[in-house]
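Student: based on what follows, work out the 3D shape:
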Amino acid sequence: MTKVVVIGGGWAGCAASLTARKAGADVVLIEKTDMLIGLGNVGGIMRNNGRYTAAEENIYLGAGELFEITDKASRHKGIDFPGHKHAWLYDVTKVEPEVRKLLIEKGINIMLESRAVDVIMEGKRIKAILMADDSVVEGDVFIETTGSTGPMGNCLKYGNGCAMCILRCPSFGPRISISMRAGVEDIMGMRGDESYGAFSGSCKLNKDSLSDEIRDTLNKAGVVVLPIPKEDIKLEKLDLKVCQQYSLKEFAENIILLDTGHAKLMTPFYPLALLRKIKGLEYARYEDPYSGGKGNSVRYLSIAPRNNTLKVNDVENLFCAGEKSGLFVGHTEAISTGSLAGHNSVRSILGIPLLEIPRNLAIGDIIAYANEEINTKEGLKKRYTFAGAEFFDRMKKMGIYLTNSEEIKRKVQRMDLLNIYDERLV
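Tutor: Numbers count the residues shown, from 1 in each chain. Reported below is the predicted structural model:
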């Protein structure tokens, strides 16, 4: 049987595993930690702004399973907060077990607590992945979805040190760039001042550490906005954020909390002593990262050069997805790229022409546009997301931001792509 090996079990890796499996491949998913979906365990925001369009496109392309899980686990649907409309907030404590159950039911071989450390090459092809315990995992084609965060040294060099985030490098070991090990030079994203990397855009507070009034409002409405004392407002913090869709003045002048099971605090980090000055937060405690009063994980330090089918340049049988495939922000973006990479991995083995999503779909345009922009210095300072910043403005100008599900379905159907990811190829 055709064998696809996926390295990295975040949202992109899970999506890639599912579409490769549906295309008929035998799939092995390697994940260094003890949980799947990676940053999805502390994320929780779906369907806001242009992500609604992209979610529906994915569903009609045939990659709906993961959206079905997050939709079902949503604590709030269709809420608005500064700069964002019709967001769905899933419960971060509910989703990972459901994703794991789905992948097991589909027959995907999940290798948890298994860290890839190197590749075994045959010319310009990867023959196998070398594991930390000296075992090897062979395959016909490989998909790298290892993300762009870690190892600890990068958070020390480009950030404020290890913030003890959900990725837990001290416990499970550093991230390894498979593309770099295969001889391809990685691309590094930059901040506005041309330093490398960017801080993850939010923290989590323990909901029980908040006042009864704030906790009740969060549970009912899904969002709470609390003014920051004028003397504590730091507008320059917005430049640190990876999530440029939240780099709005309102996010510097207010504490914005979203209910994702925990209380999602929409800032990279915030000094605990200053946080506790705000009414209702006198007993606030960080849930993730544990050092959220001083820092956060640093991302976008390992991007693989690739084409618009998500095949990595100069390696014949390597694909990439998620943050590994570009300066993308968000779960929907990871699922979108992962689903395409998984499907194309099977096409590549069979010698079938690889699928490139047309640019009049939001998914196709973001993959192509981010790939064009990454070739410029200014493009390396930007982040690409359906939810805001430059690309959401582009979606609106191009008329590809749609919220009518039937209209999106008709668009996908006109391109003869309806349920294409469901087609068995092997």
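Student: for H84, grab phi and psi.
Tutor: phi -140, psi 140 (degrees, to the nearest 10).
Student: what residues are bridge-paired with it?
Tutor: F81 (DSSP bridges).
Student: wait, it sits on G388?
Tutor: Yes: H84 is in contact with G388 according to Cβ atoms under 8 Å; the separation is 7.1 Å. C-betas here are computed from N, CA, C, even on glycine.
Student: does G153 belong to a helix, a strand or coil?
Tutor: helix (DSSP: H, G, I helix; E, B strand; the rest coil).
Student: per-residue confidence at it?
Tutor: Looking at G153, its pLDDT stands at 91.
Student: same deal with L36?
Tutor: Reported pLDDT for L36: 98.
Student: from R414, how far off is it?
Tutor: According to Cβ to Cβ, to the nearest Å, L36 and R414 sit 35 Å apart.
Student: show me which of these two is the more surrounded one.
Tutor: L36 (25 against 11; other Cβ atoms under 10 Å).
Student: quick one: that one from P151, how far?
Tutor: For L36 relative to P151 (Cβ to Cβ), the value is 20 Å.
Student: where along the stretch 301-426 of the chain do the strands fall?
Tutor: 318-320 (DSSP state E, counting those that start in this stretch).
Student: low-confidence ranges in the stretch 101-250 of the chain?
Tutor: Where the stretch 101-250 of the chain drops to pLDDT under 70, the residues are 235-248.
Student: list the buried residues of stretch 103-120.
Tutor: L103, I108, N109, I110, M111, S114, R115, A116, V117, V119 (16 or more other Cβ atoms under 10 Å).
Student: how near is the second one to F392?
Tutor: As defined by Cβ to Cβ, I108 lies at a distance of 33 Å from F392.
Student: likewise the fifth one?
Tutor: Distance of M111 to F392, given as Cβ to Cβ: 37 Å.
Student: same deal with P271?
Tutor: In terms of Cβ to Cβ, P271 sits 31 Å off from F392.
Student: cool, and E287?
Tutor: Taken as Cβ to Cβ, the span from E287 to F392 is 29 Å.
Student: which of the two has more neighbours?
Tutor: F392 (24 against 21).
Student: check contacts around that one.
Tutor: Residues in contact with F392, defined by Cβ atoms under 8 Å, 6 or more residues apart in numbering, are N49, G50, Q245, T385, F386, Y401.
Student: do the same with I400
Tutor: Applying Cβ under 8 Å, 6+ apart to I400 gives the contacts T53, N360, L361, A362, D365.
Student: farthest pair in those?
Tutor: T53 and N360 (11.7 Å; Cβ to Cβ).
Student: more neighbours, these two?
Tutor: Neighbours per residue (other Cβ under 10 Å) separate T53 from N360, with T53 holding more: 26 against 13.
Student: surely the more buried one and M398 touch.
Tutor: No: checked against Cβ under 8 Å, the pair T53 and M398 is beyond contact range at 11.2 Å.
Student: packing partners of the longest helix anywhere in the chain?
Tutor: When the chain is parsed with DSSP state H, its longest helix is helix 331-350. Here helix 331-350 is seen to pack against strand 3-7, helix 11-22, strand 45-46, helix 51-61, helix 65-72, strand 141-144, strand 318-320, helix 362-373 when contacts are counted using 3 or more Cβ pairs under 8 Å, 6 or more residues apart in numbering; DSSP states H and E.
Student: how about it: buried residues?
Tutor: 331-349.
Student: what mean pLDDT does that helix get?
Tutor: Helix 331-350 shows a mean pLDDT of 98.
Student: the stretch 51-200 of the chain: helices as residue ranges?
Tutor: Along the stretch 51-200 of the chain, the stretches classed as helices by DSSP state H, counting those that start in this stretch are 51-61, 65-72, 95-105, 152-158, 169-172, 178-181.
Student: re the thing from before, out of the helices and strands packed on helix 331-350, nearest to L210?
Tutor: Of the helices and strands packed on helix 331-350, nearest to L210 by Cβ to Cβ is strand 45-46, at 19.1 Å.
Student: and stretch 202-219, how far apart are its ends?
Tutor: 19 Å (Cα to Cα, to the nearest Å).
Student: so what touches it?
Tutor: So stretch 202-219 is contacted by 42, 92, 224, 226, 243, 246, 257-270, 279-289, 292, 296 (Cβ under 8 Å, 6+ apart).
Student: over to stretch 358-377?
Tutor: 50, 53-54, 57-58, 61, 187, 190, 194, 303, 306-308, 310, 325-328, 333, 336-337, 340, 356-357, 379-380, 382, 384, 386, 391, 394-395, 398, 400-401, 411-412, 415, 417.
Student: chain center to stretch 8-16, what's the gap?
Tutor: Averaged C-alpha coordinates place stretch 8-16 at 9 Å from its chain's average position (Cα atoms, centre = their mean, to the nearest Å).
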